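Chemist: Sequence first, predicted coordinates after that:
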Amino acid sequence: MDQLKELFLKYLGQTSPYPVGLVVDHASGCFIYDPSGKRYFDLISGFSVSNVGHAHPEVISAITKQAGRYLHTMVYGEYVQSSQVLYAQSLAQSLPSSLNRVFFTASGSEAVEGALKLAKRFTGRHELVTFRNAYHGSTHGALSVMGDEMYKSAFRPLLPSIRILDFDRPDQLDRITRATAAVILEPIQAEAGIITPLPGYLMAVRERCRETGALLLYDEVQTGFGRTGDLFAFQHENSIPDILILAKALGGGMPLGAFIASDEIMGTLTRDPVLGHVTTFGGHPVSCAAGLAAFNLLLRNSLPHKAQESEKKAKALLNHPSIKEIRGRGLMLSLKLDSEKRVERFFNLSLDQGLLFDYFLFCRDSLRFTPPLIISDSELEELCSLVNETLEKAG
């Protein structure tokens, strides 16, 4: 185990000087196991990837079956591949009628890039409006619409004509104008510490976009697929976007992203020029097969509704006095603590306690509580008890 970790540090490009460094042997359900057999509760779900848990038998079966038929055959959009077609159909049938064309990508960042290009192409405009403390990915275009300068400044120049507003401030919406190509936002801000907008805010953004002709882009990379107690977070207010951006849980544990729009909007990528957006591995057949299996599980087992019930239970069980507020919906929760120091001490204790925890990018006084949606009542009780116990030790 130590040798493998040494090789990890020696040969893999690192994202920070201080990776968690957990050596993963296998994963199942709500748990990840190291080579010694120690079990860890997954509080992160791969940042909302593992909504149906790890290694679900139906997802593994779909992967195995598709891998036995064919893997990659051609760049996306040229050949008819059943797993892509059937998954696109299932997604479209679960969404409002205006969101009926699915463009599969290989990741969330690539889906954001494609959606931004599509909005600029369709409107003929170039200004992009985003929000403070927003996170949309790390590629150049996605980084350009990130709402925090710390992660952007080292990579400038980025895209021009970016306007940043404060989230949940209706008085700033007049800054969306007829020069704006697109407004991109998360219906619940994830890395800001799970900030849920005030009632009516998303509809106000929707109406302002309609008035100005700007396209509304919802980044549901983390909020989608039942995570917030509805199939998609925009459905809480029925504020329907022009372009919906998906990834993470979309692939059921496999790499997959997508942006979804109407026939009229999506059609602009097919002409003047053709190949307006192309991707080699977008909609990989194995990823689509896994994603479709996970999506069917989600619907059949009413996991969005289960997330609502788990939210109620978790809020009742997470009762340590250091918890000052619980934000969020469904199983996309944030526990605001009495100090950043306690969050840091919790993090330092978490692995020994059998908890997998990670920080929010833009909120250091809160704990991320996003276990898989399949978590049972008994597992949820055990997890909440362990969180309370760890908070006590972190005092």
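Modeler: It's in. Small disclaimer: the values here were computed from a predicted structure and weren't measured.
Chemist: Tell me, domain by domain, which residues of the chain belong where.
Modeler: As assigned by automatic domain parsing, the chain contains the domains 2-55+302-393, 58-300.
Chemist: now do the same end-to-end measure for the last one.
Modeler: In domain 58-300, first residue to last residue: 12 Å (Cα to Cα, to the nearest Å).
Chemist: Quick one: mean pLDDT for that domain?
Modeler: In this model, domain 58-300 carries a mean pLDDT of 97.
Chemist: Residue 120 sits in which helix or strand?
Modeler: helix 108-123 (DSSP states H and E).
Chemist: for that helix, packing partners?
Modeler: In this structure, helix 108-123 packs against strand 101-105, strand 127-131, helix 140-144, strand 180-185, strand 215-219, strand 243-246, strand 257-261, helix 263-266, with contacts taken as 3 or more Cβ pairs under 8 Å, 6 or more residues apart in numbering; DSSP states H and E. Heads up, the C-betas are built off the backbone N, CA and C, glycines and all.
Chemist: Distance to residue 25 added to these, as a markdown table?
Modeler: Converted to a markdown table, the helices and strands packed on helix 108-123 look like this (distance: least, Cβ to Cβ, whole Å):
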| stretch | distance to residue 25 |
| --- | --- |
| strand 101-105 | 31 |
| strand 127-131 | 40 |
| helix 140-144 | 33 |
| strand 180-185 | 39 |
| strand 215-219 | 33 |
| strand 243-246 | 30 |
| strand 257-261 | 28 |
| helix 263-266 | 43 |
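Chemist: Which among those is found nearest to residue 195?
Modeler: The minimum distance between residue 195 and the helices and strands packed on helix 108-123 falls on strand 127-131, with 9.8 Å, by Cβ to Cβ.
Chemist: what comes into contact with that closest one?
Modeler: 116, 119-120, 136, 144-147, 159, 161-167, 175-177, 179-186, 189, 214 (Cβ atoms under 8 Å, 6 or more residues apart in numbering).
Chemist: Quick one: work out the angle between it and helix 108-123.
Modeler: Calculated by axes from the mean of the first three to the mean of the last three Cα atoms, to 10 degrees, strand 127-131 forms an angle of 140 degrees with helix 108-123.
Chemist: Go through strand 127-131 and flag the buried ones.
Modeler: By 16 or more other Cβ atoms under 10 Å, the buried positions in strand 127-131 come out as 127, 128, 129, 130, 131.
Chemist: is the last one in a bridge, and if so with what?
Modeler: On the basis of DSSP bridges, residue 131 takes part in beta bridges with residue 165.
Chemist: For residue 134, list the residues it contacts.
Modeler: 145, 146, 147, 148, 167, 184, 185, 186, 189, 191, 192, 219.
Chemist: does the third one really touch residue 162, like I thought?
Modeler: No - Residue 147 is beyond contact range of residue 162, at 9.6 Å (criterion: Cβ atoms under 8 Å).
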